[in-house]
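A.B. asks: Next one to model:
(chains A, B, C and D)
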Number of protein chains: 2
Amino acid sequence: MGEITIRHLAETLNVSTATISKALNDSHDISDATKGRVFELARSLNYRPNPFASGLRKHKSKTIAVILPEIADNFFAQAVNGIEEIAREKGYHLLIYLSHDSSETEAFFINDLLGRCVDGLLISVSFDGIDFTHLDEIQGKLPTVFFDRTYSGSLLHVTNNDFESAYQATKHLYECGCRQISFLSILQGLEVGNQRLQGHLCALQDCGLPFNPSLVINCSNNKEDNEAKLYHLMKTVKPDGIVSSVEKLAKLCYHTCNDLGIAIPEDVKIVSFSNLDSASLLNPSLTTITQPAYDIGKQAATMLFKVLKYSNYEAESMVMNSELIKRQSTNVSVSST
Amino acid sequence: MGEITIRHLAETLNVSTATISKALNDSHDISDATKGRVFELARSLNYRPNPFASGLRKHKSKTIAVILPEIADNFFAQAVNGIEEIAREKGYHLLIYLSHDSSETEAFFINDLLGRCVDGLLISVSFDGIDFTHLDEIQGKLPTVFFDRTYSGSLLHVTNNDFESAYQATKHLYECGCRQISFLSILQGLEVGNQRLQGHLCALQDCGLPFNPSLVINCSNNKEDNEAKLYHLMKTVKPDGIVSSVEKLAKLCYHTCNDLGIAIPEDVKIVSFSNLDSASLLNPSLTTITQPAYDIGKQAATMLFKVLKYSNYEAESMVMNSELIKRQSTNVSVSST
DNA sequence: TTTATTTACTTAACCGATTAAGTAAATAAA
DNA sequence: TTTATTTACTTAATCGGTTAAGTAAATAAA
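C.D. replies: Now for the predicted structure:
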């Protein structure tokens, strides 16, 4: 409906459309006087270049995409905050896709994106399945930065010091007196999950604790399933410490302990990877390994824009440090925090 | 780089590009035999139509935008989940913009979107400022559905029964014995904020409680400011009940009470509008008015797609019902929930 | 003074799909 | 059998910018 085009501007100023286009792109083919007139007219008419037209010609969309497993999760939500900030700063638009941890959905998105002329992609991969061919296909076709959940073939990524964090968490429990430390594992097959598990196992060894397979619980995205496994763990194996590799499993622990009348931290101490901002308000407050989610998002986006700017950019992947925040769930002497 | 275009297909099959285009769009200008050949070739080559080209011609992008105040918030995150589901179902792409409650930023986004050929917009408006001219400008230019945070000029919206919910919350506190009920207000100037306050005031009246201006706290997005106001409230006015109109103010209450040694629910009972899924794990667990965030997102998106499909759609705005979930923060007889 | 270069434009092709208008052959109606 | 209509295509214009190639005038170099 009557949108202002470059032709309107050209006719009004009695110049060619090429002149307008070049002026708006600040080409040094155009005199300052003309540029001034073009800019002023464009501004006064609130001219907005049609992104389809320039996109078609330039094969650039000023749009990046982000694929996440989910958004109703503090870690990812904060990461998006960081990503959005950088994207806005650079004048880019942000498309969002939620895989809900289905690699099939993820593959569908990626195929779509490859034909969609997005300029770049930020992704935290879904963890179901073991088929990463859709991720391999990105290679060389779409500048991509992986964050948090990477996979072995990912070239550029921003991750956490997951091994060290899990190591510290387990060691912390040991120092709090725990000798039967359970590990709630998830994201097996992905680097994150693997690193966290390895960190835990390494800490066990360094603390001189034996490895007991029944203390390592392989969780999934099936809530009922996880619930059943946790009940079994708490009723029969009865650990005195739990390292949860994701937030939602920690919440499940709380509920399970409530149901079974198991006291935290007296009977069992809990530490969890988590970005829950109300962790300090929980009953009892939860000891967390908190990731710098916002900064991870910012760094990943910043890295992507560097790649977009210098296509031959020799980027280096980054490792961000998580923080162990000790609270009541790992402390017998309960006091307000 | 070597993307498959409609021309490749045309040359391979020895037909015109028009034939390919029509075949792919299932035009009944094309024989079934030809369609079959075109479809098969397109599939085998994984042909992906260039969205810029078709967008330029059709003025349609198969993309909708969502503008939110923030994303690291359970309500909005879940709403996005609902929106995303519908968008995906319809084969649309989703652009996301975070206003961080700045109407200036919001105006910038909207101006950008008007020139960007997005097909539709879902928005929950920012609440700073009182200038809604940028929202008025949308009229007739971009199909839009407002959700949760609407403004007086919004034609289509999905909202909550905010008046009733606030009424119920206040009444619940009254029934729990509270006689000095404070209301933590925010979002004044927006319908949501106004409705919630009115609901509270109406309940006060119906309960026969006098209106005390010093019990209504006008909060802002400035955390320090809110903190100071809350401290003052708790130390000098000393209410025995608090209705918090947003989640983050309830969290602030918890912290403030912790600091001042005020016991919840013994000294003060709290109920808050909140979509925090760990509300039941807080210390004490928090009585909430929980909005059907996911469904609100779904309904808003569904409504938008109806408008997109039938441009003369006589849409009706919707009101969704929130739920009062009673927990320990409004109960003296504390027990596990 | 003549030639080379720079400046500030214009012309026209182009990106890749869509679609109005046109056409030849096949089929149906008169 | 002749005319009208339908079928299944093709041709070419178009969407709105971008850009390679061209050009006339102004300025600089020889």
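
A.B. asks: Can you list the residue ranges for strands in chain A?
C.D. replies: A:63-68, A:93-98, A:120-123, A:144-147, A:157-160, A:181-185, A:216-218, A:241-244, A:269-273, A:287-290, A:318-320, A:323-325 (DSSP state E).

A.B. asks: by contact count, what packs against the last one?
C.D. replies: In this structure, strand A:323-325 packs against helix A:162-175, strand A:287-290, with contacts taken as 3 or more Cβ pairs under 8 Å, 6 or more residues apart in numbering or on different chains; DSSP states H and E. In short, each C-beta sits where N, CA and C put it, glycine included.

A.B. asks: The last one pairs with which strands, parallel or anti?
C.D. replies: To tie it back to what came earlier, the one meant is strand A:287-290. With DSSP bridges as the test, strand A:287-290 is paired with strand A:269-273 (parallel), strand A:323-325 (antiparallel).

A.B. asks: ranking the helices and strands packed on strand A:323-325 by burial, who's on top?
C.D. replies: strand A:287-290 (a mean of 25; mean count of other Cβ atoms under 10 Å in any protein chain shown).

A.B. asks: Give me the contacts around that strand.
C.D. replies: For strand A:287-290, the external contacting residues (Cβ atoms under 8 Å, 6 or more residues apart in numbering or on different chains) are A:165-166, A:168-169, A:172, A:269-276, A:279, A:322-331.

A.B. asks: redo that, cut-off 7 Å
C.D. replies: A:165, A:169, A:270-275, A:279, A:322-327, A:329-330 (Cβ atoms under 7 Å, 6 or more residues apart in numbering or on different chains).

A.B. asks: Could you do stretch A:245-258 as well?
C.D. replies: Contacts for stretch A:245-258 (Cβ under 7 Å, 6+ apart): A:184-187, A:193, A:196, A:219, A:226-227, A:230-231, A:234, A:242, A:244, A:264, A:268, A:270, A:272-276, A:286, B:278, B:281, B:336.

A.B. asks: Can you give me the buried ones in it?
C.D. replies: Residues of stretch A:245-258 classed as buried: A:245-254, A:256-258 (neighbour count, 16 or more other Cβ atoms under 10 Å in any protein chain shown).

A.B. asks: any idea how far residue A:125 lies from residue A:139?
C.D. replies: Separation of residue A:125 from residue A:139 (Cβ to Cβ, to the nearest Å): 14 Å.

A.B. asks: before we move on, what about residue A:272?
C.D. replies: As judged by Cβ to Cβ, residue A:272 and residue A:139 stand 35 Å apart.

A.B. asks: Those two: which is more packed in?
C.D. replies: Neighbours per residue (other Cβ atoms under 10 Å in any protein chain shown) separate residue A:272 from residue A:139, with residue A:272 holding more: 26 against 10.

A.B. asks: pLDDT at that one, what is it?
C.D. replies: pLDDT for residue A:272: 97.

A.B. asks: Please verify my assumption that it contacts residue A:291.
C.D. replies: No - applying Cβ atoms under 7 Å as the test, residue A:272 and residue A:291 come out as separate, 11.6 Å apart.

A.B. asks: just the residues of the stretch 1-150 of chain A that are near chain B, which are they?
C.D. replies: For the stretch 1-150 of chain A, the contact set with chain B under Cβ under 7 Å from any Cβ of the partner chain comprises A:48, A:51-53, A:55-56, A:71-72, A:74, A:77-78, A:80-81, A:84, A:93-96, A:98, A:114-117.

A.B. asks: hmm, which of those residues are the buried ones?
C.D. replies: Using 16+ other Cβ under 10 Å, the buried ones in those are A:48, A:51-52, A:55-56, A:71-72, A:74, A:77-78, A:80-81, A:84, A:93-96, A:98, A:114, A:116-117.

A.B. asks: and DNA strand D, which of these contact it?
C.D. replies: Intersecting those with the contacts of DNA strand D gives A:52, A:56 (criterion: Cβ under 7 Å from any atom of the strand).

A.B. asks: Mind checking which of the buried ones among the residues of the stretch 1-150 of chain A next to chain B are in helices?
C.D. replies: A:51-52, A:55-56, A:74, A:77-78, A:80-81, A:84, A:114 (DSSP state H).

A.B. asks: Tell me which residues are up against the lowest-mean-pLDDT helix or strand in chain A.
C.D. replies: Lowest on mean pLDDT, DSSP states H and E among the helices and strands of chain A sits helix A:133-136, with a mean of 92. Identification of contacts with helix A:133-136 by Cβ under 7 Å, 6+ apart yields A:106-107, A:110, A:125, A:151, A:153.

A.B. asks: Filter those residues down to the buried ones, PyMOL style.
C.D. replies: Burial among the contacts of helix A:133-136 is assessed by 16+ other Cβ under 10 Å; the matching PyMOL selection reads:
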select buried, chain A and resi 106+107+110+125+151
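
A.B. asks: So which of the contacts of helix A:133-136 is the closest to DNA strand D?
C.D. replies: Taking Cβ to the nearest atom of the strand as the measure, DNA strand D lies nearest residue A:110 of the contacts of helix A:133-136, at 26.5 Å.
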